[in-house]
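Visitor: my questions are about this predicted structure, shown below with the sequence.
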Amino acid sequence: MSKASVTERKLTLPEVKKLIDSMGEENLDQLQRRTLDYVSKFTKSDEDAAVKLVQKLVTDFGVEQDEAVQIVNCMPKSVDELRVFLASGRKIIDPSVLKAIVALLDEHRKLK
């Protein structure tokens, strides 16, 4: 008997929304409908932008993957808000880098 290889990947809220939308609303159970309602209310960017933002935060700014996903999910509007997500980090990030991250997030923020 062969074992299936399972990989785990953190998803941003826009990615979750796209996955659930692709299932068709008529095929969703109660939990999936609640999840769709939640992600629809709290998604702050589109799916393509979210994926690019996570990748850019990881490659250009050295943010951990898990932290990058949470940053994109919440889209902090200030350096102080951003620091909350990076507080567990083992390194100190220069304030100018933090400002650059907030500016990047501002460019991709979905207008409500």
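Guide: Looks like it arrived, so ask away.
Visitor: chain neighbours aside, what residue packs nearest to Ile71?
Guide: Phe85 (5.1 Å; Cβ to Cβ, 6 or more residues apart in numbering). Yep, even glycine has a C-beta here, placed from its N, CA and C like the rest.
Visitor: from memory that neighbour sits against Glu64, does it?
Guide: No - the pair Phe85 / Glu64 is not scored as a contact, 9.8 Å apart, by Cβ atoms under 8 Å.
Visitor: centre of the chain to stretch 6-18, how far?
Guide: Centroid displacement of stretch 6-18 relative to its chain, using Cα atoms, centre = their mean, to the nearest Å, is 9 Å.
Visitor: buried residues of it, list them for me.
Guide: For stretch 6-18, the neighbour count (16 or more other Cβ atoms under 10 Å) marks 11-18 as buried.
Visitor: would you turn these into JSON lines with pLDDT, secondary structure and distance to Ser96?
Guide: Converted to JSON lines, these look like this (pLDDT from 0 to 100; DSSP: H, G, I helix; E, B strand; the rest coil; distance: Cβ to Cβ, whole Å):
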{"residue": "Leu11", "pLDDT": "93", "secondary structure": "coil", "distance to Ser96": "30"}
{"residue": "Thr12", "pLDDT": "94", "secondary structure": "coil", "distance to Ser96": "26"}
{"residue": "Leu13", "pLDDT": "95", "secondary structure": "helix", "distance to Ser96": "28"}
{"residue": "Pro14", "pLDDT": "94", "secondary structure": "helix", "distance to Ser96": "28"}
{"residue": "Glu15", "pLDDT": "94", "secondary structure": "helix", "distance to Ser96": "30"}
{"residue": "Val16", "pLDDT": "94", "secondary structure": "helix", "distance to Ser96": "33"}
{"residue": "Lys17", "pLDDT": "94", "secondary structure": "helix", "distance to Ser96": "33"}
{"residue": "Lys18", "pLDDT": "94", "secondary structure": "helix", "distance to Ser96": "34"}
